[in-house]
Every structure is written in C-alpha cells, then in structure tokens.
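Enquirer: Sharing a sequence plus its predicted fold:
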Amino acid sequence: MMLRKAVYLLAFFLISVSAGAQINIYLGGNLEGNYSWIRGEEPTFHPGFGGGFSFVYWEYEYWFVKTGIDYYHKTSSVLNYPDIYDVPVVHPDDKVRISYTENAIGLPVSFYVRPYESGANALLLTGSLEMIVVASLKADTEEFGEMILEGSSERNWTKSNLGFGVGYQRQIDRHAYFNLVASFNMDIRATPSYNSFTLTLEYIFGAY
C-alpha cells in the first residue's frame with residue numbers, strides 16, 4: 001500500500017515538473033536576402049540569397065544563443081590584375097573587371113539580446129561570429145572568360161565572418177516566434193572578402 005502511494009506521488013511529481021518545465025531548446029529555419037560587394041577597387045553591388053536551419057538555446061528571458069547551418073550565394077566584381085589567369089602584368093594599369101560568384105556554407109554562433117518588449121513584440125540586438133566554408137568560387141572576365149577557382153596557398157577556402165544587427169521579434173504562439181533581423185556582415189581572412197547588408201526572416205519553435 002505504501003509502495004503504491006509512493007509510485008502515485010512520484011508519477012504526480014514528474015507530471016507536474018514536466019508540465020511546468022520551461023522550454024529552452026528551439027529549432028527553426030531562416031531565409032535571407034543579401035546585398036553584397038567585394039572589398040576592392042571599384043566594386044559592384046549585387047543582390048544575393050541564402051537560407052538555413054537554426055538551433056536556439058533560450059534559457060533566460062532577455063537573451064538567447066543561436067547556432068545552426070546556413071547557405072549563402074553572393075556575387076560582385078572588382079578591378080584587379082588578372083593573375084588568377086596566369087597572365088603576366090606588364091603595366092600597372094593592366095587591370096580588368098573580374099566578377100566573382102561564391103557559394104558557401106556557414107556555421108554561425110549568434111548572440112541575441114532583447115532589451116525591450118511590449119506584449120508579443122520585442123526589439124532584438126544581435127552579434128555573430130561565423131565560420132564559413134567556400135563550396136564553390138567562380139571568376140569571370142570579358143577578356144579571359146570563366147574560371148572555376150581551386151584552393152591554393154593564397155586563397156583560403158575557410159574564412160570567418162563578423163556580423164552586427166538590429167531586428168524585431170514577434171511571438172505568434174506560446175513557444176513560436178518570428179525574427180526579422182537587418183545586419184551588416186563582413187568577411188575576415190578571406191580572398192575575395194565580401195561585405196553584405198543582410199535581411200533575415202527566421203521562424204523558431206520550442207522543441208524541448
């Protein structure tokens with residue numbers, strides 16, 4: 001009899017704890033548009049796109065951390081010497097316009113702060129550090145045509161990216177949110193190095 005009561009009490013306790021437990025693991029996905037340019041001489045500005053999957057750890061009300069995996073497509077052109085085509089530079093003005101198209105996979109670590117909220121709405125401030133692996137990189141010029149670039153000692157296929165942004169969060173259910181974030185992102189330790197203005201729409205939902 002005492003054992004049965006103990007089992008009932010334990011079951012009631014576990015159910016109560018589970019019902020009242022705070023969900024702090026969120027999953028989701030994102031879509032993004034970017035407006036990018038290469039740091040170099042006379043760069044052009046071009047739109048791009050991306051998307052990915054998000055994993056969020058949200059333990060405290062006013063901040064949370066996100067990681068995941070993202071895909072990016074960026075393009076831009078700059079004036080530069082055509083040394084990637086193994087063309088000798090005879091004159092200092094022997095520069096051509098080289099267009100680059102990059103497809104990359106990113107592994108971000110982002111920190112979100114919610115400094116203000118009102119009802120279902122909240123302000124977001126974000127900072128991120130991302131490791132990026134370049135999946136493909138293509139160069140194209142009118143003079144020398146198209147070239148698929150390979151890795152070399154001068155061209156790293158892994159790079160880092162720093163980002164800072166501000167955004168808006170909307171709660172749409174008890175454990176579901178939309179995040180809309182505008183950010184500035186810059187590649188470091190990369191050739192070519194992109195700068196981007198990025199607009200990201202993200203949906204996250206509580207998983208555990």
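Expert: Okay, I see it.
Enquirer: OK, contacts around Lys66?
Expert: 54-57, 108-112 (C-beta atoms under 8 Å, 6 or more residues apart in numbering). Glycine gets a C-beta too; all of them are placed from N, C-alpha and C.
Enquirer: Restricted to helices, list these.
Expert: Using DSSP state H, no member of these falls in helices.
Enquirer: now, which of the residues you listed sits nearest Val78?
Expert: For the contacts of Lys66, the residue nearest Val78 by C-beta to C-beta is Pro108; the value is 25.9 Å.
Enquirer: How about that closest one, nearest residue that isn't a chain neighbour?
Expert: Glu130 (4.2 Å; C-beta to C-beta, 6 or more residues apart in numbering).
Enquirer: Run me through the strand neighbours of the biggest strand by length in the chain, direction for each.
Expert: The strand that spans the most residues within the chain, counting by DSSP state E, is strand 96-118. Partners of strand 96-118 in the sheet, by DSSP bridges, are strand 63-80 (antiparallel), strand 121-141 (antiparallel).
Enquirer: Could I get those strands in TSV, plus columns for mean pLDDT?
Expert: TSV is the format used below for the strands paired with strand 96-118 (pLDDT from 0 to 100):
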stretch	mean pLDDT
strand 63-80	95
strand 121-141	94
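Enquirer: rewinding a little: the residue nearest to Pro108: what's it in contact with?
Expert: When contacts are counted by C-beta under 8 Å, 6+ apart, Glu130 touches 70, 106-109, 160-163, 185.
Enquirer: Show me what it bridges to in the sheet.
Expert: Beta-bridge partners for Glu130, by DSSP bridges, are Pro108, Asn161.
Enquirer: before we move on, what about Ala139?
Expert: Those that pair with Ala139 in a beta bridge, by DSSP bridges, are Tyr100, Met147.
Enquirer: what's around it, how many residues?
Expert: For Ala139, the neighbour count with other C-beta atoms under 10 Å is 20.
Enquirer: What separation do you get for it and Asp70?
Expert: As defined by C-beta to C-beta, to the nearest Å, Ala139 lies at a distance of 23 Å from Asp70.
Enquirer: which residues of this structure score low on pLDDT?
Expert: The chain contains residues with pLDDT under 70 at 1-22, 92, 151-156.
Enquirer: try 80 this time
Expert: 1-23, 83-84, 86-94, 150-156, 189, 208 (pLDDT under 80).
Enquirer: Now Ile25: closest residue in space, sequence neighbours ignored.
Expert: Leaving aside its chain neighbours, Ile25 sits nearest to Tyr208 (4.3 Å; criterion: C-beta to C-beta, 6+ apart).
Enquirer: Could you pull up the contacting residues of the one you found?
Expert: Tyr208 neighbours (C-beta under 8 Å, 6+ apart): 23-25.
Enquirer: With neighbour count as added columns, please give the residues you listed in JSON lines.
Expert: Shown next, in JSON lines, are these (neighbours: other C-beta atoms under 10 Å):
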{"residue": "Ile23", "neighbour count": "12"}
{"residue": "Asn24", "neighbour count": "14"}
{"residue": "Ile25", "neighbour count": "12"}
